[in-house]
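Student: Got a predicted structure plus its sequence, pasted below:
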Amino acid sequence: MASTETKTTERTGLAGIEAGLDALESTATGRTPWRQTFTEKILPPVIAVAVVLVVWQALISLKIVDDPTKLPSPGAVWDQFEESWRKGELLGYIWTSVSRGLLGFAFALLIGTPLGLLVARVKFVRAAIGPILSGLQSLPSVAWVPPAVIWLGLNNSMMYAVILLGAVPSIANGLVSGVDQVPPLFLRAGRTMGATGLKGVRHVLLPAALPGYVAGMKQGWAFSWRSLMAAEIIASFPDLGVGLGQLLENGRNALDMAMVFEAILLILFVGIAIDLLIFSPLERWVLRSRGLLVKS
């Protein structure tokens with residue numbers, strides 16, 4: 001009798017555990033309510049921006065900072081935006097820098113990806129190049145601008161060279177980190193099923209290393225964007241056009257703080273936009289494909 005009760009209790013416990021696991025694995029398929037989306041994703045950044053604007057305006061209104069050459073009012077910066085828009089220059093500033101940044105980043109991906117695979121899979125190459133890549137990643141991007149100007153002159157090639165030198169080490173190191181975290185069982189299973197050589201890299205190694213690779217790409221974009229801004233600030237030349245870095249330098253030379261703040265805000269806006277439009281969806285896709293993020 002006691003044995004029967006024990007077995008019944010065990011079956012009940014196992015059924016409860018199974019139900020709990022099923023609940024954990026289940027995903028919500030309904031659409032997230034608009035109110036929840038608004039309160040969780042839209043309202044917090046809006047409040048943060050509003051607080052910054054209120055504090056900014058308070059510094060001007062209370063005359064804590066009463067020198068417009070040091071801190072312009074939000075209204076003065078807005079007027080600067082309107083003037084650039086009326087002149088048809090605002091989108092040109094953004095496109096000049098964004099087009100350079102994205103193209104340079106694409107080149108960095110083409111170079112950094114095979115380099116990262118080579119360093120990750122060949123011991124001699126890792127021993128020879130691995131420390132150099134780590135050192136290059138820690139080197140400030142602005143340090144590459146003077147030699148790039150001397151080697152290539154004041155042209156777009158110089159800009160792309162600075163972007164590559166800033167982004168490639170981060171992309172390669174991110175991929176190396178991702179490959180190092182791939183369980184050896186995955187590679188053995190792939191070889192058993194015939195996924196060897198380039199086929200194994202494409203179908204097993206790269207997909208398994210994707211989290212580290214995406215993290216490296218995100219960091220590589222940040223480095224490439226900062227490298228580009230440094231190059232545009234230092235190596236200004238009329239034939240290169242006016243990008244956001246050049247706009248920042250023009251404002252400094254003219255002692256026009258409204259223009260300086262316009263450039264800073266545009267640089268910040270582009271960085272946030274690229275992250276929201278490209279890298280955040282990519283990261284969510286990677287997490288969701290591994291069951292780490294429930295699709296809502």
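Tutor: Structure received. These figures come from a predicted structure and were not determined experimentally.
Student: which of the residues in the top helix by length along the chain are buried?
Tutor: Using DSSP state H, we find that the single longest helix of the chain is helix 90-121. Neighbour-count burial for helix 90-121 flags 90, 93-94, 96-98, 100-102, 104-105, 107-109, 112-113, 115-117, 119-120 (criterion: 16 or more other CB atoms under 10 Å). No exception for glycine: its C-beta is placed from N, CA and C like everyone else's.
Student: again with stretch 45-63
Tutor: Buried residues in stretch 45-63, counted by 16+ other CB under 10 Å: 56, 60.
Student: I'd say residue 227 and residue 162 touch.
Tutor: Yes. When contacts are counted by CB atoms under 8 Å, residue 227 is listed as touching residue 162 (4.8 Å).
Student: what sits in contact with each of those two?
Tutor: Residues touching both residue 227 and residue 162 (CB atoms under 8 Å, 6 or more residues apart in numbering) are 141, 144.
Student: So, low pLDDT: which residues of this structure?
Tutor: With pLDDT under 70 as the threshold, the chain has low-confidence stretches at 1-32, 38, 292-296.
Student: center of it - which residue?
Tutor: With distances taken as CA atoms, centre = their mean, the chain has residue 218 as the residue nearest its mean C-alpha position (3.3 Å).
Student: From what I see, that residue and residue 279 are in contact.
Tutor: Yes. Residue 218 lies in contact with residue 279 (CB under 8 Å); the separation is 4.7 Å.
Student: Look up the closest residue to residue 66, ignoring the ones flanking it.
Tutor: On the basis of CB to CB, 6 or more residues apart in numbering, the spatially nearest residue to residue 66 that is not a chain neighbour turns out to be residue 60, at 7.5 Å.
Student: cool, and residue 155?
Tutor: Setting aside the residues directly before and after it, residue 155 is nearest to residue 240 in space (CB to CB, 6+ apart), at 7.1 Å.
Student: Distance of that neighbour relative to residue 291?
Tutor: 47 Å (CB to CB, to the nearest Å).
Student: With neighbour numbers in mind, choose between the two.
Tutor: Counting neighbours by other CB atoms under 10 Å for residue 240 and for residue 291 shows that residue 240 has the greater number, 18 against 10.
Student: tell me the contacts of the more buried one?
Tutor: If a contact means CB under 8 Å, 6+ apart, then residue 240 has 154, 155, 156, 159, 232, 246 as its contacts.
Student: again with residue 200
Tutor: If you count contacts by CB under 8 Å, 6+ apart, residue 200 has them with 187, 190, 191.
Student: So which bits of the host helix or strand of it are buried?
Tutor: In this structure, residue 200 is located in helix 197-200 according to DSSP states H and E. By 16+ other CB under 10 Å, the buried positions in helix 197-200 come out as residue 200.
Student: what does stretch 141-150 contact?
Tutor: Contacts with stretch 141-150, where a contact means CB under 8 Å, 6+ apart, come from 158, 161, 162, 165, 166, 223, 226, 227, 230, 231, 234, 235.
Student: other SSEs contacting whichever strand or helix holds residue 51?
Tutor: For residue 51, the enclosing helix or strand under DSSP H and E is helix 43-61. Counting contacts by 3 or more CB pairs under 8 Å, 6 or more residues apart in numbering; DSSP states H and E, helix 43-61 is packed against helix 74-86.
Student: CA atoms only: put the helix it packs on into PDB for me.
Tutor: Below are the C-alpha coordinates for helix 74-86, written out as PDB (Å, rounded to 0.1, in the frame of the first residue of the first chain):
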ATOM      1  CA  PRO A  74      18.200  74.900 -26.200                       C
ATOM      2  CA  GLY A  75      16.400  77.500 -28.200                       C
ATOM      3  CA  ALA A  76      19.600  78.700 -29.800                       C
ATOM      4  CA  VAL A  77      20.600  75.100 -30.700                       C
ATOM      5  CA  TRP A  78      17.100  74.500 -32.200                       C
ATOM      6  CA  ASP A  79      17.500  77.700 -34.300                       C
ATOM      7  CA  GLN A  80      20.800  76.300 -35.600                       C
ATOM      8  CA  PHE A  81      19.100  73.100 -36.600                       C
ATOM      9  CA  GLU A  82      16.300  75.100 -38.400                       C
ATOM     10  CA  GLU A  83      18.900  77.200 -40.200                       C
ATOM     11  CA  SER A  84      20.800  74.200 -41.400                       C
ATOM     12  CA  TRP A  85      17.500  72.600 -42.600                       C
ATOM     13  CA  ARG A  86      16.400  75.700 -44.500                       C
END
